[in-house]
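Asker: Got a sequence here, can you build the structure:
(chains A and B)
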Amino acid sequence: MKVLIPSALRSYTEQAYAEAGGDTLAAVLAALDRSYPGIRFRMIDEQNRIRPHIRFFVDGEQVFDLARRLDGVQELVIVQALSGG
Amino acid sequence: MASEIDQGAAQRGPTSVLLLVATRKGAWLYHGDATRQHWWVEGPHFLGHIINHLVLDPRDGRTLLAAAKTGHLGPTVFRSTDLGRSWQEAARPPAFAPAPEGQGGRSVDHTFWLTPGHADQPGVWYAGTSPQGLFRSEDGGVSWAPFSPINDDPQYRKWMGTVQDGTPDGPKLHSIIVDPRDAEHLYFAMSGGGVHESGDGGRSFAPLLSGIEVVEGFDGSDPTFHDPHCVRLCPTNPDRLYQQNHCGIYRLDRPSDTWQRIGRAMPAEVGDIGFPMVVHPRDANAVWVFPMDGTSVWPRTSPGGKPAVYGTRDGGESWQRLDAGLPAEQAWWTVKRQAMTADSADPVGLYFGTTSGELWMSGDEGRQWTCIAAHLPEIYAVEAAMGVEGAS
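Answerer: Below you'll find the model as predicted:
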């Protein structure tokens, strides 16, 4: 599926969109990390928790569960909520 | 300010001293010539990243490690083997072990401290994190693993407390020290949890607290209540350590395990609270501190708005105020625990970076100070390196 990468993570992908496949959000992020090593850990911590300020939307719906199945999903949007100084 | 110091590419020459400046918004390298009168700057590196520590590997003179995160992304470590001309991200940055199912495990918020391993162990590095954890790399910083049992030991976890117990931006494991005579002899300190020592290469650690005072009303025998700010070992006498603590300045002469509060000799109106501590590279009796206002609500500024370094030449029996060239008044910055250091030249050069983004140096062991750079972001760490391979 098509994955929109936030600007803060484009140092890994060097482009706004990446392609990654998988049945679940976890699988898509794992695939993304295989293509762009290190990118997953900037979003997901070592306890498999989504880091603060990172949000995932699949076809417009926000997803909080890494085990969420993504059957038929066309697009994953990764959002980095910018705040602070 | 910086008017006496030339800056810019026009002054570039061979590098004698390299300053590694880590800030809240990136990292900069300042190259000084043999006179330490002329400096040129290289950077920013990682603009926008929070860089807590930038350290050169003294064993090869060219490998740099940078502890990095941003305000919104997870932590990582960047590594350069060509003095910062190119960077690669660690394949496995410091991270706690996954917790068993159903138990809330800890996650590294940021790597705070980096220490190269023993001279006989090329490729070994240690890292201290927030929340407090100890990590080790055996491949030059490419991959990291939890080190020693302390990260998950119930007793150590109790002493470490939680994020609630830490400094405003999280409790820090810092001051990781490797005895230059013995790679198995290690020390580390925790901003919440005291100083600890291992004689078996990190397989076990024990607190080293005797003589250290704690805030009134708390139990000094409990490491939980100890707040070391910076611990340094004397290169010429590894049996001597100095410590700047939340509750004073101390010296420890092994084999004794009782710290002596040498800060009692500081002027009462200045006190002996502060964060950084710097030892002379060749004189175990000479150290420098940067006092901070630790009264009332802990303003964390220079006392009275009059910044000064204090130095001793007799192991803390007496202290001298060293403020020539520094602002005489209305200067409310201070210096963080990693942001003051020394080179190994003769006379020793001293350097510190301020919370207001100024970089100061003294080429005569603190007698006279000059501002090398201003308008940087808040400075978190300054390291000085000499004998840098290939720098020009």
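Asker: burial measure for residue 67, as a count.
Answerer: Picked chain A for this. Around A:Ala67 sit 11 other residues, with neighbours defined as other Cβ atoms under 10 Å in any protein chain shown. In this view, the C-beta of every residue, glycine as well, is placed from N, C-alpha and C.
Asker: wrong one, I was asking about chain B
Answerer: The tally of other residues near B:Ala67 (other Cβ under 10 Å) stands at 30.
Asker: Apart from its chain neighbours, what residue comes closest to B:Asn245?
Answerer: In space, and not counting its chain neighbours, B:Asn245 is closest to B:Pro228: 5.2 Å by Cβ to Cβ, 6 or more residues apart in numbering or on different chains.
Asker: Look at B:Asp29 and tell me its secondary structure.
Answerer: Small correction: residue B:29 is Leu, not Asp. With DSSP: H, G, I helix; E, B strand; the rest coil as the basis, the three-state label of B:Leu29 is strand.
Asker: in the sheet, who's paired with it?
Answerer: On the basis of DSSP bridges, B:Leu29 takes part in beta bridges with B:Leu20, B:Glu42.
Asker: List the contacts of it.
Answerer: The neighbourhood of B:Leu29, defined by Cβ atoms under 8 Å, 6 or more residues apart in numbering or on different chains, consists of B:18-21, B:41-43, B:45, B:83-84.
Asker: so where's the stretch 1-150 of chain B uncertain?
Answerer: Within the stretch 1-150 of chain B, the stretches with pLDDT under 70 are B:1-13.
Asker: And the strands in it?
Answerer: In the stretch 1-150 of chain B, the segments counted as strands under DSSP state E, counting those that start in this stretch are B:17-23, B:26-32, B:39-45, B:50-56, B:64-69, B:76-80, B:88-89, B:110-116, B:125-130, B:133-137, B:145-146.
Asker: And those: which comes nearest A:Ala16?
Answerer: Proximity to A:Ala16, assessed across these by Cβ to Cβ, is greatest for strand B:88-89 (20.4 Å).
Asker: what packs against that closest one?
Answerer: In terms of contacts (3 or more Cβ pairs under 8 Å, 6 or more residues apart in numbering or on different chains; DSSP states H and E), strand B:88-89 is packed against strand B:76-80.
Asker: then the strand it packs on to PDB, C-alphas only?
Answerer: Taking C-alpha atoms only, strand B:76-80 is exported to PDB below (Å, rounded to 0.1, in the frame of the first residue of the first chain):
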ATOM      1  CA  THR B  76      18.800   7.000  18.200                       C
ATOM      2  CA  VAL B  77      22.600   7.100  18.000                       C
ATOM      3  CA  PHE B  78      24.400   8.400  15.000                       C
ATOM      4  CA  ARG B  79      27.900   7.400  14.100                       C
ATOM      5  CA  SER B  80      30.600   8.900  12.000                       C
END
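Asker: Is that strand positioned near chain A?
Answerer: Yes: shown here: strand B:76-80 in contact with chain A (Cβ under 8 Å from any Cβ of the partner chain) through B:Thr76.
Asker: now the angle from that strand to strand B:125-130?
Answerer: 150 degrees (axes from the mean of the first three to the mean of the last three Cα atoms, to 10 degrees).
Asker: Could you give me the buried positions within strand B:76-80?
Answerer: Across strand B:76-80, burial judged by 16 or more other Cβ atoms under 10 Å in any protein chain shown covers B:76-80.
Asker: correct me, but the residue nearest to B:Asn245 touches B:Gly192?
Answerer: No: counting by Cβ atoms under 8 Å, B:Gly192 is not a contact partner of B:Pro228; they are 9.7 Å apart.
Asker: Which one (most neighbours) among the contacts of B:Leu29?
Answerer: Counting neighbours by other Cβ under 10 Å, the top entry in these is B:Val21, with 29 neighbours.
Asker: Pull the number of nearby residues for the residue nearest to it when sequence neighbours are not counted.
Answerer: Nearest in space to B:Val21, with sequence neighbours left out and distances taken as Cβ to Cβ, 6+ apart, is B:Trp28 at 4.6 Å. Other residues near B:Trp28 number 24, with proximity taken as other Cβ under 10 Å.
Asker: which residues touch the residue positioned nearest the centre of chain B?
Answerer: In chain B, the C-alpha nearest the mean C-alpha coordinate belongs to B:Gln338, at 2.8 Å (Cα atoms, centre = their mean). By Cβ under 8 Å, 6+ apart, the contact set of B:Gln338 is B:22, B:52-53, B:113, B:174, B:230, B:276, B:380-383.
Asker: Tell me the one of the buried residues of strand B:76-80 nearest chain A?
Answerer: When the buried residues of strand B:76-80 are compared for distance to chain A (Cβ to the nearest Cβ), B:Thr76 wins out at 6.6 Å.
Asker: Please name the nearest non-neighbouring residue to the closest one.
Answerer: Across the structure, with Cβ to Cβ, 6+ apart as the measure, the residue nearest B:Thr76 apart from its sequence neighbours is B:Pro93 (4.5 Å).
Asker: how near is the one you found to B:Asp109?
Answerer: If you measure B:Pro93 against B:Asp109 using Cβ to Cβ, to the nearest Å, the figure is 12 Å.
Asker: what do you get for B:Thr312?
Answerer: Plainly put, B:Thr312 is 36 Å away from B:Asp109 if you go by Cβ to Cβ.
Asker: How about B:Arg136?
Answerer: As defined by Cβ to Cβ, B:Arg136 lies at a distance of 19 Å from B:Asp109.
Asker: can you check B:Ser362 too?
Answerer: As defined by Cβ to Cβ, B:Ser362 lies at a distance of 34 Å from B:Asp109.
Asker: So between the two, which is more surrounded?
Answerer: Comparing B:Ser362 with B:Asp109 by other Cβ under 10 Å, the one with more neighbours is B:Ser362, at 24 against 19.
Asker: Settle this for me: the more buried one is touching B:Gly349, isn't it.
Answerer: Yes: contact between B:Ser362 and B:Gly349 holds when scored by Cβ under 8 Å: they sit 6.7 Å apart.
Asker: Which residues of chain B lie near chain A?
Answerer: Proximity of chain B to chain A, by Cβ under 8 Å from any Cβ, involves residues B:70-74, B:76, B:89-91, B:93, B:95-99, B:104-108.
Asker: what's near enough to touch A:Ser7?
Answerer: Contacts for A:Ser7 (Cβ under 8 Å, 6+ apart) come out as A:Gln80.
Asker: Next one, pLDDT for it please.
Answerer: Note for A:Ser7: predicted pLDDT of 92.
Asker: so where's chain A uncertain?
Answerer: For chain A, the ranges with pLDDT under 70 are A:82-85.
Asker: where exactly do the helices run in it?
Answerer: Taking DSSP state H as the criterion, chain A contains helices spanning A:10-13, A:25-35.
Asker: so which residue of the stretch 151-300 of chain B comes closest to chain A?
Answerer: Of all residues in the stretch 151-300 of chain B, B:Asn151 sits closest to chain A, at 11.4 Å by Cβ to the nearest Cβ.
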